[in-house]
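[1] Have a look at this prediction, sequence included:
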Amino acid sequence: MDTLSILVIVAVAVVLIFDYTNGFHDASNIIATPIASRALTPIQAVAIVATFEFLGPLLAGTAVANTIGNFIDLDEVATLLSVTIILCGLCGAIFWNLITWWFGIPSSSSHALVGGLAGAVILAVGTDHVVWGFGQLAEGHLTGVTKVLMALFLSPLIGFWAGFLVHRLVFFLMRGAKPGVNRFFKGIQIFSCAGLAFSHGANDAQKSMGIITLVLLSGGFISEFSVPFWVVLSCAIAITLGILSGGWRIVRTIGFGIFKVRPIHAFNGQLTAASIIFSASMVGAPVSTTHVVSSSLMGIGASERPKAVRWAKAQEIVSTWIITIPGAGLVAAVTYFIVNLSFGLN
């Protein structure tokens, strides 16, 4: 087996590791609210989420994978170098996922992936090999980094105001309801939690699909950017295994650190986040589940009682959002620098 084949196998394995870390990192975002509102036990929540997380990538198409796989352009880069660049970018993203998980900070795996890949590409072959999409935006088309960043940065704002309005609407419809209505909101979370898990799998697993397909294309193993079924299945399995591992450190932050979550808040948050994430998946927009879930809860809390929202914790989360892309990019760039220094790739 030649060096390129070995490197491609290693790169695919690393993507699946990233997909796994994405699963256990983001598991907390999905299971936190049903657990915090006492609608589901941890075992029930993980079982439901894992099942529908697995189905999401299999049934939702590959629009997000196409977006992620085409925001960097390595067509004119030597095959061995292009695969190495992708590998270093993934190392940056995985490192960021692990370090934020360790400290219980709900950062974005999507931001980490984008930052890691961009950082490695820019250091290795220059900014010309990043598809920025600014020119296409002037013509009314969203593509490349512009599309990725607009989706990632606009989705929390949409999540906040959608959560605010949904909670106001549900609160209005439930006016005069007896306390027993909490049993309804606990029971219905089986469906809303499943919907959020499905939408998360549909969006996040596709990011890994896009990178593996890019690796296969760069290595010359496929002739066009088309996601093979084995890639879809592998990514679905990896992210589901990550979900089953659970990100319990971040559950406390999402479920208890932002706002005191009751059954009505949990249902509204899951409904809002699932709708936004699934809609984004259908148009090929990669969004952060962490961002959407957290911002939805903030909007719900602000809608009901702004003073009850722990804005200091919210500020900490937002700060992490801001530094994730440059942080993961820096790690990826340093990784490439070390690899290049050791093996003389350029």
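    Everything's here; your move. Numbers count the residues shown, from 1 in each chain.
[2] ok but Val166 is inside a helix, no?
    Yes. With DSSP: H, G, I helix; E, B strand; the rest coil as the criterion, Val166 is located in a helix.
[3] Check which element follows the worst-scoring helix or strand of the chain on mean pLDDT along the chain.
    Taking mean pLDDT, DSSP states H and E as the measure, the helix or strand of the chain with the lowest value is helix 248-252, at a mean of 55. Going down the chain from helix 248-252, the next helix or strand is helix 263-282, by DSSP states H and E.
[4] And that next one, what does it pack against?
    helix 3-36, helix 63-69, helix 144-173, helix 181-187, helix 189-218, helix 289-304 (3 or more Cβ pairs under 8 Å, 6 or more residues apart in numbering; DSSP states H and E). For every residue, glycine as well, the C-beta is placed using N, CA and C.
[5] what does the average pLDDT come to for it?
    Averaging pLDDT along helix 263-282 yields 92.
[6] Show me which residues of that helix are buried.
    For helix 263-282, the neighbour count (16 or more other Cβ atoms under 10 Å) marks 263-278, 280-281 as buried.
[7] Please apply the same query to stretch 58-78.
    If you call a residue buried by 16+ other Cβ under 10 Å, then stretch 58-78 has these buried ones: 60-72, 74, 77.
[8] same deal with stretch 170-186?
    Residues 170, 182, 185-186 are the ones in stretch 170-186 that count as buried (16+ other Cβ under 10 Å).
[9] what residues are up against Val287?
    By Cβ atoms under 8 Å, 6 or more residues apart in numbering, the contact list for Val287 reads 110, 151-152, 155, 203, 276-277, 280.
[10] same thing but 10 Å
    Applying Cβ atoms under 10 Å, 6 or more residues apart in numbering to Val287 gives the contacts 64, 108, 110, 148, 151-156, 158-159, 199-200, 203-204, 273, 276-277, 279-281.
[11] same thing with Met209?
    By Cβ under 10 Å, 6+ apart, Met209 lies in contact with 15, 19, 57, 62, 64-66, 68-69, 227-228, 231-236.
[12] please redo it, this time with the cut-off set to 6 Å
    By Cβ atoms under 6 Å, 6 or more residues apart in numbering, the contact set of Met209 is 65, 227, 231-232, 235.
[13] Equivalent analysis for Leu169, please.
    For Leu169, the contact set (Cβ under 6 Å, 6+ apart) is empty.
[14] how much space between it and Gly299?
    Remark: distance between Leu169 and Gly299 (Cβ to Cβ, to the nearest Å) = 12 Å.
[15] Looking at the buried residues of stretch 170-186, spot the one nearest Ala45.
    Closest approach between these and Ala45, by Cβ to Cβ: Lys186, at 12.1 Å.
[16] Wait, that closest one touches Leu40, no?
    No. Using Cβ atoms under 6 Å as the test, Lys186 is too far from Leu40 to be in contact (8.1 Å).
[17] chain center to stretch 121-135: distance?
    Computed by Cα atoms, centre = their mean, to the nearest Å, the separation of stretch 121-135 from the middle of its chain amounts to 22 Å.
[18] what are the phi and psi angles of Thr62?
    Backbone torsions of Thr62, given as degrees, to the nearest 10, read phi -130, psi 30.
[19] Which pLDDT value goes with it?
    Reported pLDDT for Thr62: 84.
[20] Check Gly257 too.
    Confidence at Gly257, expressed as pLDDT, is 59.
[21] What of Ile190?
    93.
[22] now swap in Ile317 and tell me
    Reported pLDDT for Ile317: 67.
[23] picking up where we left off before, closest one to Asn97 out of the buried residues of stretch 58-78, please.
    Among these, and counting by Cβ to Cβ, the member closest to Asn97 is Ile68, at 15.9 Å.
[24] if I look at that closest one, how far off is Phe225?
    11 Å.
[25] now do Gly116
    Gly116 sits 20 Å away from Phe225, going by Cβ to Cβ.
[26] Out of the helices and strands packed on helix 263-282, which is the most enclosed?
    Using mean count of other Cβ atoms under 10 Å, the stretch among these with the largest mean neighbour count is helix 289-304, at a mean of 28.
[27] Please find the angle between the direction vectors of that helix and helix 3-36.
    Between helix 289-304 and helix 3-36, the angle comes out at 20 degrees (axes from the mean of the first three to the mean of the last three Cα atoms, to 10 degrees).
[28] The helices and strands packed on helix 263-282: which one's closest to Leu244?
    Shortest distance between Leu244 and these, using Cβ to Cβ, is found for helix 3-36: 7.9 Å.
[29] avg pLDDT for the closest one?
    For helix 3-36, mean pLDDT is 84.
[30] following that helix, which helix or strand shows up next?
    Sequence-wise, the next helix or strand downstream of helix 3-36 (DSSP H and E) is helix 42-59.
[31] Give me the contacts around that following helix.
    Contacts to helix 42-59, defined as Cβ under 6 Å, 6+ apart, come from residues 30-31, 34-35, 193-194, 197-198, 201-202, 205, 232, 235-236, 240, 243-244.
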